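[1] Compute the structure for the input listed below.
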Amino acid sequence: MGCVIMASGTGSRFAAALGVAGGDEPSNKLFEELGASTVLGTTIDSVPPCYDVVVSTRWPAAAMVAEQHGTRFALHCGPQRSDSVRAGLGEGLGRDWQGCLFLPGDQPLVSRESFERLAEAFWRGPQYIHRLGWKGHPGSPVLFPARCFSDLMKLEGADGGSAVLRREGLPVKIVEAVSRAELLDIDVPDDLDVARAQLSGAVVLERESKEGRAS
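    The predicted model follows:
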């Protein structure tokens with residue numbers, strides 16, 4: 001099972017909120033401090049060993065973070081989302097992946113249990129696309145079966161996995177996250193503050209009830 005961490009964005013909204021120009025590595029949100037690491041480093045470390053992880057990036061600094069965390073990376077030069085999808089997935093085509101999870105590099109709070117739920121759901125229903133959600137509302141990451149790989153490798157321009165979701169017509173199964181916080185991606189500095197508070201235990205966002213998980 002593969003996991004491509006998408007780490008090629010410019011962080012333009014985050015940079016704009018700070019009043020700096022986006023697109024250059026020093027201002028990229030992926031390298032902001034979070035916990036004992038960075039946003040990207042925390043995201044990498046969150047993925048359990050049941051996934052074969054590749055960081056797909058156009059930033060040499062992100063490749064360095066991946067290397068520091070013992071993770072393979074695919075360094076590409078394309079500015080589009082499709083470039084990052086193809087580069088990351090391309091690393092796994094020769095590794096017998098039965099499915100591939102696409103995880104945004106700025107989504108650092110997904111729990112080990114939620115990652116394992118996604119993997120378990122996939123092995124129970126490998127004919128489906130699976131995505132993490134909260135109370136029935138879909139979010140990221142998204143897990144695609146191998147039958148979608150050829151279409152993912154044909155993506156162009158700004159298209160990402162959502163284009164394949166629309167095109168394939170495969171049923172999508174929502175896997176409930178343990179906590180609402182897990183679906184947080186860091187778009188602006190306030191999101192980073194929430195993530196820091198969540199990791200420190202100062203704030204605990206809504207968790208699933210004891211009655212069980214939705215499906």
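[2] So what touches the top strand by length along the chain?
    For the chain, the strand with the greatest residue count under DSSP state E is strand 137-145. For strand 137-145, contacts defined as CB atoms under 8 Å, 6 or more residues apart in numbering pick out 3, 98-104, 107, 110, 118-119, 121-122, 126-133, 152, 161, 164-165, 170, 172, 174, 177, 183, 185. To be clear about C-beta, it is placed using only N, CA and C from the backbone, and glycine gets the same treatment.
[3] Now intersect these with the strands, please.
    3, 99-104, 129-133, 172, 174.
[4] could those residues go into TSV alongside distance to Phe73, pLDDT and neighbour count?
    Converted to TSV, the ones in strands among the contacts of strand 137-145 look like this (distance: CB to CB, whole Å; pLDDT from 0 to 100; neighbours: other CB atoms under 10 Å):
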residue	distance to Phe73	pLDDT	neighbour count
Cys3	13	99	27
Gly99	20	97	24
Cys100	16	98	27
Leu101	16	98	27
Phe102	15	97	23
Leu103	14	98	28
Pro104	16	97	19
Ile129	25	95	21
His130	25	97	26
Arg131	24	96	22
Leu132	23	98	26
Gly133	28	98	20
Val172	29	93	14
Ile174	30	97	18
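[5] So which bits of the longest strand of the chain are buried?
    Neighbour-count burial for strand 137-145 flags Gly139, Ser140, Pro141, Val142, Leu143, Phe144, Pro145 (criterion: 16 or more other CB atoms under 10 Å).
[6] strands paired with that strand, and their directions?
    Strand pairing for strand 137-145, using DSSP bridges, gives strand 99-104 (antiparallel), strand 129-134 (antiparallel).
[7] want to throw these into a markdown table with distance to His76?
    Listed next are those as a markdown table, based on distance: least, CB to CB, whole Å:
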| stretch | distance to His76 |
| --- | --- |
| strand 99-104 | 15 |
| strand 129-134 | 24 |
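[8] for the ones you listed, which one sits closest to Ala15?
    Checking those against Ala15 by CB to CB gives strand 99-104 as the closest, at 16.8 Å.
[9] roughly how far is the closest one from the heart of the chain?
    6 Å (CA atoms, centre = their mean, to the nearest Å).
[10] now stretch 100-109
    1 Å.
[11] Straight-line length of it, end to end?
    19 Å (CA to CA, to the nearest Å).
[12] For the nearest residue to Gly105 once chain neighbours are set aside, list the residues it contacts.
    Of all residues beyond its chain neighbours, the one nearest Gly105 is Ala7 (3.5 Å), with distances taken as CB to CB, 6 or more residues apart in numbering. Ala7 is in contact with Leu30, Leu40, Val55, Ser56, Thr57, Trp59, Ala62, Ala66, Ser84, Gly105, counting by CB under 8 Å, 6+ apart.
[13] And what about the second one, helix, strand or coil?
    Read it as Leu40. Following DSSP: H, G, I helix; E, B strand; the rest coil, Leu40 is assigned to helix.
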